[in-house]
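S.K.: Make a model of this:
(one chain, ligands or ions: 1)
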Amino acid sequence: MIGYEIFVRSFADSNDDGIGDFKGIAQKADYLKMLGVDLVWLTPHFKSPSYHGYDIIDYFDTNSSFGSLSDFKAMVDALHEKGIKVVIDLPLNHVSDRHPWFKAAMNGEKPYVDYFLWAQPHFNLSEKRHWDEELLWHNRNGKWYYGVFGGSSPDLNYENPEVVEKSLEIVEFWLNQGVDGFRFDAAKHIYDYDIREGRFRYDHDKNVAYWKLVMDKARKVKGSDVFAVTEVWDDPEIVDRYAQTIGCSFNFYFTEAIRESMQHGAVYKIVDCFQRTLSKKPYLPSNFTGNHDMHRLASLIQQEEQRKVFFGLLMTAPGVPFIYYGDEVGMKGIYDSIFTEDVIEPFPWYASLSGEGQTFWKAVRFNRAFTGVSVEEQLNREGSLLSEVMAWTKFRKENEWLTNAWVEHVTHNTFVVAYTVTDGDNGFRVYANIAGHNESFEGINLKPHEVKIV
Ligand code: ACG
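M.R.: Presented below is the predicted three-dimensional model:
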């Protein structure tokens, strides 16, 4: 199974307003098939005031720029017909400050006041997020509320059983619309504030117990083959705890380790990562090229030949690999927490960036016309990144057992990493040379940037 993250606003436009939409995605099902994708993760498609959609106004309605609920269902059907599963992004940790629940809570209306977290005298209101300088507490009209992702997205209060119940209703509703599963956004943040001590602290046990409830509900509605993947951006040992309950988790360390190794020209991080995250596990790791929260692969790894090695590592690794839309054609973009739009630029279908399906909701800065970064140009160039990616996805399809495999015997020199991938019955050994010169390791000769399977 191969996944593909689609930033809905940027992927494919069916009505010429420049904004990607559900019909547009349905119309591009053949491209997804050609690429070898069998599961798409759609970034939030709910009613929301922002370009990214992670702050929701109504969990039971779609963003009208993307289409109606019936357009959404038609898209799900169209993708299903092609054998492609649909997974939706579900930000349950917080809502938009324009959500009716928050508006009612600000007016002091019951029961909504208890849907959010309000400051108590012993709380430290000037505490910042542990990873940057953003404040956790926000003041509006003299009321202090908690919002780990900023003042415009207040956190829901999961100490309140009614909120838990609402979240389960949302899960049930969307499964009944035909979706195959979820990407659980910000999974470690459901319980991340210690009310007793009045400070930020992840309660992983409580979070995992909550996600178990969600998964029980999802499996009850959809059966055991519901697909769920968590977003827990943290150390592999913490990711493990969530993944065991949910069944699959994004492996951030994979993306980071390969990028870092390629930048430094030595495989040590890859070795550490493969040993720590890809050994035999009771869940599926989800390795990925990148996502909408980080610099694009092609901006960090400029050489196309190196990126081909990245795809080789990705497609020979166990679990469910995900491609971030556009990474297959070498889209660039530098992530900036203020201008995050740079990593979600319009998907370049054509060299000219104009034609049927092309989105143009924002001006491009990184992926300009006629720079070789488009489906059209990549399909017409022999040996392009896209053709290499398609060769790897074809290989992956011929080896479906890789989903449930694991990695053993990781060995290396400075430039070559070697590993055995097996599921107990099938297996092969991979040799990957990240260097731009020939290498020889364990008697295997490798050309520059070669990934060899023996
Ligand atoms: C998700 C979405 C993101 C979205 C939200 C909120 C959550 O993908 O687009 O924002 O709905 C944190 C959260 C993640 C969150 C990212 C953006 N992603 O945990 O859930 O922020 C450290 C922290 C991480 C942190 C990361 C950010 O530990 O928690 O992610 O930094 O860079 C190693 C370490 C690891 C460390 C990394 C990086 O891997 O092991 O711990 O991670 O290095 O240093 C959207 C918008 C926002 C808006 C919000 C409402 O993008 O602008 O405010 O919605």
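S.K.: Contacts for stretch 204-212, please.
M.R.: Residues outside stretch 204-212 that contact it (CB atoms under 8 Å, 6 or more residues apart in numbering): 158, 164, 184, 187-192, 230, 238, 241-242, 245-246. All C-beta atoms are positioned from the backbone trio N, CA, C, and that covers glycine.
S.K.: Pull out the buried members of these.
M.R.: With burial judged by 16 or more other CB atoms under 10 Å, the buried subset of the contacts of stretch 204-212 is 158, 164, 184, 187-192, 230, 241-242, 245-246.
S.K.: so which of these would you say is closest to Ile434?
M.R.: Thr230 (29.2 Å; CB to CB).
S.K.: Contact partners for the residue nearest to that closest one when sequence neighbours are not counted?
M.R.: Nearest non-adjacent residue to Thr230, counting by CB to CB, 6 or more residues apart in numbering: Ala187, 4.2 Å away. Under the criterion of CB under 8 Å, 6+ apart, the neighbours of Ala187 are 207, 211, 230-232, 242, 246.
S.K.: Mind naming the longest helix for this structure?
M.R.: helix 204-222 (DSSP state H).
S.K.: How about it and the ligand, any contact?
M.R.: No - using CB under 6 Å from any ligand atom, helix 204-222 stays clear of the ligand, coming no nearer than 11.6 Å.
S.K.: center of this structure - which residue?
M.R.: Here the mean C-alpha position of the chain is nearest to the C-alpha of Asn291 (CA atoms, centre = their mean), at a distance of 5.4 Å.
S.K.: ok, back up a step: among the buried ones among the contacts of stretch 204-212, which are located in strands?
M.R.: The members of the buried ones among the contacts of stretch 204-212 that map onto strands under DSSP state E are 184, 230.
S.K.: List just the nearest of the buried ones among the contacts of stretch 204-212 to Ser65.
M.R.: Ser65 lies nearest to Phe184 out of the buried ones among the contacts of stretch 204-212, by CB to CB, at 24.2 Å.
S.K.: if I look at the closest residue to that closest one other than its chain neighbours, how far off is the ligand?
M.R.: In this structure, Phe184 finds its nearest non-sequential neighbour in Thr230, 4.7 Å apart by CB to CB, 6+ apart. For Thr230, the distance to the ligand equals 10 Å [CB to the nearest ligand atom, to the nearest Å].
S.K.: List the residues that contact Thr230.
M.R.: 183-184, 187, 211, 239, 242-243, 246, 248-250.
S.K.: With distance to Gly333 and pLDDT added, can I get those residues in TSV?
M.R.: Output for those, formatted as TSV (distance: CB to CB, whole Å; pLDDT from 0 to 100):
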residue	distance to Gly333	pLDDT
Arg183	20	98
Phe184	25	98
Ala187	25	98
Trp211	31	98
Val239	25	97
Tyr242	28	98
Ala243	28	97
Ile246	29	96
Cys248	26	97
Ser249	24	97
Phe250	19	98
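S.K.: just checking, which of those residues belong to helices?
M.R.: Using DSSP H, the subset of those located in helices is 211, 239, 242-243, 246.
S.K.: what's the neighbour count on the one residue in the stretch 251-400 of the chain that gets nearest to the ligand?
M.R.: Residue nearest to the ligand within the stretch 251-400 of the chain: Asp293 (4.4 Å; CB to the nearest ligand atom). When neighbours are counted by other CB atoms under 10 Å, Asp293 registers 13.
S.K.: residues touching it, list them.
M.R.: 233, 335, 340, 343.
S.K.: circling back to that earlier point, what two of the buried ones among the contacts of stretch 204-212 are the furthest from one another?
M.R.: It's Val164 and Arg241 that sit farthest apart of the buried ones among the contacts of stretch 204-212, by CB to CB, at 19.6 Å.
S.K.: Can you name the residues of the stretch 251-400 of the chain sitting close to the ligand?
M.R.: Applying CB under 6 Å from any ligand atom, one finds that the stretch 251-400 of the chain approaches the ligand through 252, 256, 292-293, 340.
S.K.: In helices only, show me those residues.
M.R.: Checking those against DSSP H, those in helices are 252, 256.
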